[in-house]
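A.B. asks: Predicted structure and sequence below. I'll ask about it afterward.
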Amino acid sequence: MKIVKINALWCPACLIMNNVFDKIKKNYQLDITDLDYDFDSEIVKDYNVGRTLPVIIFLDDSDNEIMRIVGEKKEKEIISLLESLRGNK
Amino acid sequence: MKRILLLILTIFLFIPINGLAKEKDITLYLFSLDSCPHCQAEIKFLNEYLIDKENIHFVDYSLTNNSENRELYQKVQDYIGKENSSVPYLVIGNTTIIGFIPDTTEQTIKDAINYYLENDYCDYVGNVSGTNKTSCDIKENKGTNTNNNNYTLPILGKINAKNVSLPLVAMVVGFIDGFNPCAMWILLFLITMLIGTKDRKKMWILGTTFLLVSAITYLAFMKSWLNVANFINSISYIRIAIGLVGITFGIINMKNFLHKNESGCEVVNDKKRNKIIDRIKKIIKQSNFVLALLGIALLAISVNLIELLCSLGLPVMFTQILSLNNLSKSMEWLYLLIYIFFFLLDDLIIFIIAMKTFKVTGISTRYTKYSHLIGGLILILIGILMIFKPGWLMFNF
């Protein structure tokens, strides 16, 4: 499973989520790609991101989107999501 | 003959000397506002209490829509030397009694009157206004000098309620206003770019300049609005209109809170944002330090003028409260500075942490969301009070 995180340097919620993922990474092996909404706009366009950041997209091994979450979430919510996605594999 | 004379002398011995001597005239001067309920209570008390006391006079100087009375109020305070811009403000001799609490203040006023009936009295206010030609020397105040805003609390001791209320309002409203996302995003971007330079000196100087100029811009706006408010606030229909504006902004804030489902950052106006981002990048890359400083200062001014439109409600309503309280210039500046400090507090914390750790932290957007709720409620409450109970915003007890 791959994770694409679409952030922005000016977005406080993105900074919070970066910290959340930094903590989660200590216990989980994650393949994360960080994209910046402003500086990677050409790539970000392909993901049809709405007007709220951050957007965290979960992809399968064939790069198909499994699900996405938008906005700030708690660490527990992310862990629970990861566990359920791993369980469904 | 001798017996008749003795009888007349005996009769005179039984007549109280006071009854023969003319009671001295004492004048009580009250400075009040028409919209102040405590003032109206005091006027009612004085009219009733003094109804049969021919030698005690009462003059009410209303400060509402009366610049002459306001001027006299200031002159009296300068003359007596006790500056306290509160109403009701009662002067007897050189004794000042500020505020009105039934029973307590009533007794204080009676005590002051009795004091001056038995001791030296000079009409200080008459001296200032020109109605009393006799010069009064400012002596040590021998009468009571009472500020009825004082309360005794455990541990803390004597507290002046007005001294606590206004600073508290400044802190709370300033702090809530500080959760405005409009300029926060620029600060975060700026800090990230500054960290990227790895130049500590540049980071501190440019970052501090941005925050300082932001503070000055916001302060300048609030002072200007306060000057306007001081001028127009005495006109009741303008006060009511501003109250309605406050309620409107409050409702908009509440709507933002209710409709925002996600706690995230809203992407708005890509074109404008990219323009600002390019501007910041140019400033950071600028080799000439003075030009970089100027660029940052201009950025801070333009950004904060935009931010004012984002959160116009709270600073405007706060300046209205200051205006209603008839403060001295120095106190106005003090409360504005308190507001600005708490307004910038979250920015200061983020900046200092970033400078120390080389890492940018964000404040959860949940707090921003709830600040819309609290800010909205505050605006609606202040708006309603401005329309129906402006006296409650005067923090007079």
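C.D. replies: Now that the structure is in, tell me what you want to look at. Just so it is clear, the structure is predicted and the values come from calculations on it, not from any experiment.
A.B. asks: Can you pull the residues of the stretch 151-300 of chain B lying near chain A?
C.D. replies: Contact residues (C-beta under 8 Å from any C-beta of the partner chain) of the stretch 151-300 of chain B with chain A: B:181, B:184-186, B:188-189, B:192-193, B:262-268, B:273-274, B:277. The way it works is simple: take the backbone N, C-alpha and C, and place the C-beta from them, glycine included.
A.B. asks: Restrict these to the buried ones and give me that as a PyMOL selection.
C.D. replies: Per 16 or more other C-beta atoms under 10 Å in any protein chain shown, the buried members of these correspond to this PyMOL selection:
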select buried, chain B and resi 181+184+185+186+188+189+192+193+262+263+264+265+266+267+273+277
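A.B. asks: Let's see which of the residues of the stretch 151-300 of chain B next to chain A end up in strands.
C.D. replies: B:265-266 (DSSP state E).
A.B. asks: what about the strands in chain A?
C.D. replies: In chain A, strands defined by DSSP E lie at A:2-7, A:31-36, A:52-53, A:55-59, A:65-70, listed in chain order.
A.B. asks: and the gap between A:Y47 and A:I78?
C.D. replies: 19 Å (C-beta to C-beta, to the nearest Å).
A.B. asks: Which of the helices or strands spans the residue nearest to B:L344 when sequence neighbours are not counted?
C.D. replies: Closest residue to B:L344 apart from its sequence neighbours, by C-beta to C-beta, 6 or more residues apart in numbering or on different chains: B:A215 at 5.6 Å. Using DSSP states H and E, B:A215 falls within helix B:200-232.
A.B. asks: Show the secondary-structure elements that the next helix or strand along the chain from that helix is packed against.
C.D. replies: Downstream of helix B:200-232, the next assigned helix or strand under DSSP H and E is helix B:236-259. With contacts defined as 3 or more C-beta pairs under 8 Å, 6 or more residues apart in numbering or on different chains; DSSP states H and E, helix B:236-259 has these neighbours: helix B:200-232, helix B:313-324, helix B:365-388.
A.B. asks: can you tell which of the ones you listed is closest to A:N64?
C.D. replies: For those, the distance to A:N64 is smallest for helix B:365-388, at 29.7 Å, taking C-beta to C-beta.
A.B. asks: Let me know the pLDDT of the closest residue to B:A183 other than its chain neighbours.
C.D. replies: Excluding the flanking residues, the one nearest B:A183 by C-beta to C-beta, 6+ apart is B:E307, at 4.1 Å. Confidence at B:E307, expressed as pLDDT, is 74.
A.B. asks: Number of residues surrounding B:E307?
C.D. replies: 21 (other C-beta atoms under 10 Å in any protein chain shown).
A.B. asks: Return the residues in contact with it.
C.D. replies: B:E307 makes contact with B:180, B:182-183, B:218 under the criterion C-beta atoms under 8 Å, 6 or more residues apart in numbering or on different chains.
A.B. asks: Can you lay out those residues as TSV showing distance to A:E42 and neighbour count?
C.D. replies: As requested, the contacts of B:E307 are exported to TSV (distance: C-beta to C-beta, whole Å; neighbours: other C-beta atoms under 10 Å in any protein chain shown):
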residue	distance to A:E42	neighbour count
B:N180	31	19
B:C182	27	15
B:A183	28	22
B:Y218	37	25
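A.B. asks: Which pair in the residues you listed has the greatest spatial separation?
C.D. replies: Pairwise distances across these (C-beta to C-beta) peak at 11.9 Å, for the pair B:C182 and B:Y218.
A.B. asks: Thanks again, I'm all set now.
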